[in-house]
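>>> Structural data only, the sequence is not supplied:
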């Protein structure tokens, strides 16, 4: 499924259209037959991939216990215990990235925590790593550990392996 095309189509939808679609989608996500198919596709001890809506990225975890509505896992990155719902499990290794339809327009859907971005602040180019996706802004940290918030409309995505490596060495969660 091409998420970019779907997002582009949804941008033209009215709020009522979006609400109606959300109800239909929720009904499909609660479909017992679909949940049973997913529940039977893995067992305790398996490593699974799931989509984290907060970071807008895929995460992985080891299954501890399967319940009717939830799966208890240990996240492989932070070693924390989580209860996740079946619909967020990515069994088919589906690519979840959504690309901007226009190169200069980024949104919450196009970014994830850990992405390198930049913006212009009073003539100074600020570049850093996304630490949080807010409703109207992103939070980021620079190499010199300055923290910034910027509107999505001001951002541009950058591909800078050196910057990513330097900022990754920092603890971005402080």
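Nice, thanks for sending it over. Because the structure is predicted, anything quoted here is derived from the model rather than measured. Numbers count the residues shown, from 1 in each chain.
>>> Averaged pLDDT, stretch 106-114. What do you get?
For stretch 106-114, mean pLDDT is 85.
>>> what's next to it, contact-wise?
Here stretch 106-114 makes contact (Cβ atoms under 8 Å, 6 or more residues apart in numbering) with 3, 7, 54-57, 98-100, 117, 129-133, 135, 138, 152, 155-157, 172. From N, CA and C alone the C-beta is placed, and that goes for glycine too.
>>> same deal with stretch 21-38?
10, 13, 69, 86-87, 89, 91.
>>> Repeat the analysis, applying 10 Å as the threshold.
Defining contact as Cβ atoms under 10 Å, 6 or more residues apart in numbering, one finds that stretch 21-38 is touched by 10, 13, 39, 48, 66, 68-69, 71, 85-89, 91.
>>> Ends of it, what's the gap?
Using Cα to Cα, to the nearest Å, one end of stretch 21-38 lies 23 Å from the other.
>>> Flag every buried residue along that stretch.
By 16 or more other Cβ atoms under 10 Å, the buried positions in stretch 21-38 come out as 35, 38.
>>> Please give the centre-to-centre distance between that stretch and its chain.
In this view, stretch 21-38 has its centroid 21 Å away from the chain centroid, taken as Cα atoms, centre = their mean, to the nearest Å.
>>> quick one on the thing from earlier: what's the ChimeraX syntax to select whichever of the contacts of stretch 106-114 are buried?
The ChimeraX selection below is limited to those of those classed as buried (16+ other Cβ under 10 Å):
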select :7,55,56,57,98,100,117,129,130,131,132,133,138,152,155,157,172
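>>> out of the contacts of stretch 106-114, which are inside helices?
Among the contacts of stretch 106-114, the residues falling in helices (DSSP state H) are 3, 7.
>>> average pLDDT for the biggest helix by length in the chain?
Looking across the chain with DSSP H, the single longest helix is helix 15-29. Mean pLDDT, computed over helix 15-29, is 94.
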